[in-house]
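In: Attaching a predicted model along with its sequence, questions to come.
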Amino acid sequence: MTQTLVTADHVLTGFAPDGTPEILPDAALLIEGETVAAIGPAAALRRAHPGAQEIGGRGRVVIPGLVNAHHHVGLTPFQMGARDQPLELWFPERLAMRDVDPRLDTLYSAFEMVASGVTCVQHLHSRAPGDVPAVLERAGAIVGAYEELGMRASYSFALRDQNRMIYAADEAFVASLPAPLRAPTAAYLGAFALPLADQVAVFHELRRRWDGSGLIAIQIAPSNLHWLSDAALESAARMAEATGAPMHLHLLETPYQREYARRRTGGSALAFIDRFGLLGPQTTIGHGVWMTPDDHALMAERGACLCHNCSSNLRLKSGTLDLNAVLAAGIPVALGIDEAGINDDRDMLQEMRLVLTLHRPAGHDAPAPSAAEVLRMATEGGARTTPFAGRIGRLAPGMLADLVVLDWPRLTWPWQDPGLPLVEVLVRRARAGAVETVMVGGAVIYREGRFARVDRAAVLERIAADLGRPDSADEADRRRLAADLLGPTRAFYRGWL
């Protein structure tokens, strides 16, 4: 079996139960196959394994691979023609997005993630037109792109069986429109109206196809309360019970979603899904911006996780999560970049820095997350939300060798006071340019700006060529429809808040 030694001035293996970073100086990891076989002093492991290939070295810091625990598409909606809007208005705005090959699209954002140290992504596929074969074909192209790159991915095709444009029935929305808009809107929404039973069948077929895959796992993603009938919520509970697959559910992202839940359930969206058995240690709530203290207590009692999507919440005017209250409640937290980060990219190092900075309220003694807490969210916290929980997110013997080697002189150039804690410097100053090597399952997939398995320049050239053409007839029609639907969508929510 091939042996590799990854050596560094410091190896961050993970975090103690109290959150203290566990850092080994002058250390090395022995990697055999896909897993970490041993961790210890670099000199001792070199002597014990003289034939092992060595990477890293002096001036290097090793950390567990980062996890982007909430992701949807490749090229950003803004790149593809959809301006940032309040979330509910963003749904019709997104009709203006161009068509792009799903393999190329997936590779585009995967390049950005890996280059910033992300080794595993939670890909929540929320929209796929057509019948079961068409959905499976698109899913295969997306999953295949991650496999091609060598990146680990948890994939889900999101359940959604109602209210595809506004928080009311599709038929009611179509009927409310001016006559010229009814047929094209009904046709567009109808393309995404795969029956619930077929959506469940897609989940089981995807699990069958990727059963035993080292890189790919399939999980459940009921999309959001307003998009799910009671029958869909019951189906999600049965899927989880039958398979043990973890679940990722958008919830309470905006105040309009809070109001929808009140109108539908008379109370809390979180308490309502709990009635279906959907809230537990295998459940991750995406966003959760508008949860109440009672919701936090229920989350903590059930052992559920929260995925904080900081950039998305800001860009789409969804609100600012009270992260400090979530942490005080003892809720495990992951980080997700969602559709795009604050810089319209998928840079997890930048996302960590934004989280660290945004949640620092006024007052000398006001609580605020530490750099260690934020890095833990992006490693152990994210890993916990995936089907790979317990095998990634830390560096320990027996765990998968998903790791990042940072060039510390490059990260700190031209100067950094050496007295500050390593993790604080990392979270505050790390840029993608300091990521020297990324390993997934013991294999180097990225080193010194180059991807080992895929020609990034060729992929980007292909995307530029494909999108440099004029709009197709269908794209032009959708662009006009997007503009026409903004007004009626805005009118629907008038008076909600």
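Out: On my side now, so go ahead.
In: Just give me the longest helix of this structure.
Out: helix 473-492 (DSSP state H).
In: any weak-confidence spans in this protein?
Out: Scanning the chain for pLDDT under 70 picks out nothing.
In: So which residue is dead centre in it?
Out: His70 (2.0 Å; CA atoms, centre = their mean).
In: what's the helix or strand for that residue?
Out: Under the criterion of DSSP states H and E, His70 resides in strand 66-71.
In: Tell me the buried residues in stretch 140-151?
Out: Within stretch 140-151, the residues scored as buried using 16 or more other CB atoms under 10 Å are 140, 142-143, 145-147, 149-151. To be clear about C-beta, it is placed using only N, CA and C from the backbone, and glycine gets the same treatment.
In: Regarding Ala334, what are the backbone dihedral angles?
Out: Dihedral angles of Ala334 (phi, psi; degrees, to the nearest 10) stand at phi -110, psi 170.
In: what number of residues lie near it?
Out: Applying other CB atoms under 10 Å, we find 29 residues neighbouring Ala334.
In: quick one, what contacts it?
Out: 67, 69-70, 284, 305-308, 377-378, 381-382, 384-385 (CB atoms under 8 Å, 6 or more residues apart in numbering).
In: ok so, going back, starting at the chain centroid, how far to the longest helix of the chain?
Out: Centroid separation for helix 473-492 versus its chain: 28 Å, with CA atoms, centre = their mean, to the nearest Å.
In: Then stretch 78-90?
Out: On CA atoms, centre = their mean, the centre of stretch 78-90 falls 19 Å from that of its chain.
In: ditto for stretch 237-251
Out: On the basis of CA atoms, centre = their mean, the separation between the geometric centre of stretch 237-251 and that of its chain is 17 Å.
In: right, and the helix or strand after the strand holding His70?
Out: Defined by DSSP H and E, the subsequent element after strand 66-71 is helix 87-93.
In: how about the CA coordinates for that following helix, as PDB?
Out: Only the C-alpha atoms of helix 87-93 are listed here, as PDB (Å, rounded to 0.1, in the frame of the first residue of the first chain):
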ATOM      1  CA  LEU A  87     -35.300  36.000  -1.600                       C
ATOM      2  CA  GLU A  88     -39.000  35.900  -2.600                       C
ATOM      3  CA  LEU A  89     -38.400  38.200  -5.500                       C
ATOM      4  CA  TRP A  90     -35.200  36.300  -6.400                       C
ATOM      5  CA  PHE A  91     -37.300  33.300  -7.400                       C
ATOM      6  CA  PRO A  92     -38.800  35.000 -10.500                       C
ATOM      7  CA  GLU A  93     -35.500  36.900 -11.100                       C
END
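In: Okay, helices next: where are they in the stretch 1-150 of the chain?
Out: 42-48, 87-93, 102-115, 132-149 (DSSP state H, counting those that start in this stretch).
In: before we move on, the earlier item: so which of the contacts of Ala334 sit within strands?
Out: When DSSP state E is applied, the contacts of Ala334 are split such that 67, 69-70, 284, 305-308 fall in strands.
In: Now do the contacts for Ile220.
Out: Residues near Ile220 by CB under 8 Å, 6+ apart: 156, 159, 203, 236, 239-240, 243, 245-248.
In: next one: Asn313
Out: Asn313 touches 253, 287, 289, 319-321, counting by CB under 8 Å, 6+ apart.
In: State the helix or strand in which it lies.
Out: Assigned by DSSP H and E, Asn313 falls in helix 310-315.
In: Okay, buried residues for the next helix or strand after that helix please.
Out: Downstream of helix 310-315, the first helix or strand assigned by DSSP H and E is helix 323-328. Buried residues in helix 323-328, counted by 16+ other CB under 10 Å: 323, 326-327.
In: coming back round to it: write the PyMOL selection for whichever of the ones in strands among the contacts of Ala334 are buried.
Out: To isolate the buried members of those in PyMOL, using 16+ other CB under 10 Å:
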select buried, resi 67+69+70+284+305+306+307+308
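In: okay, now the domains of the chain?
Out: Domain segmentation of the chain under automatic domain parsing yields 3-64+403-440, 66-384.
In: So which of the ones you listed is nearest Arg480?
Out: domain 66-384 (8.7 Å; CB to CB).
In: distance between the ends of the closest one?
Out: Counting by CA to CA, to the nearest Å, you get 12 Å between the two ends of domain 66-384.
In: Repeat that for stretch 39-55.
Out: 14 Å.
In: which residues touch it?
Out: With CB under 8 Å, 6+ apart, stretch 39-55 has contacts from 2-8, 11, 13, 24, 26-30, 38, 395-397, 405, 437, 444.
In: Report the buried residues of it.
Out: Of the residues in stretch 39-55, those buried (16+ other CB under 10 Å) are 39, 42, 45, 49, 52, 55.
In: Please tell me how far the closest residue to Glu234 other than its chain neighbours sits from Asp230.
Out: Once flanking residues are discounted, Glu234 sits nearest to Phe276: 6.1 Å by CB to CB, 6 or more residues apart in numbering. Phe276 is 8 Å from Asp230, where distance means CB to CB, to the nearest Å.
In: between the helices of the stretch 1-150 of the chain, which gets nearest to Phe173?
Out: helix 87-93 (10.2 Å).
In: quick one: buried residues of the closest one?
Out: 87-93.
In: What is the most widely separated pair among those residues?
Out: So for those, where distance means CB to CB, the most widely separated pair is Leu87 and Pro92, at 11.3 Å.
In: Spatially nearest residue to Ala128 (excluding sequence neighbours)?
Out: Val135 (4.6 Å).
In: Number of residues surrounding that neighbour?
Out: 22.
In: swap in Gly19?
Out: 12.
In: if I pick it, what's in contact with it?
Out: 370, 372-373, 376.
In: Check the residues you listed and tell me the two furthest apart.
Out: Using CB to CB, the contacts of Gly19 span at most 9.2 Å, a distance reached by Ser370 and Arg376.
In: So for these two, which sits in the more crowded spot?
Out: Arg376 (25 against 17).
In: Thought Ala16 was touching the more buried one, still the case?
Out: No: taking CB atoms under 8 Å as the definition, Arg376 is not a contact partner of Ala16, at 10.2 Å.
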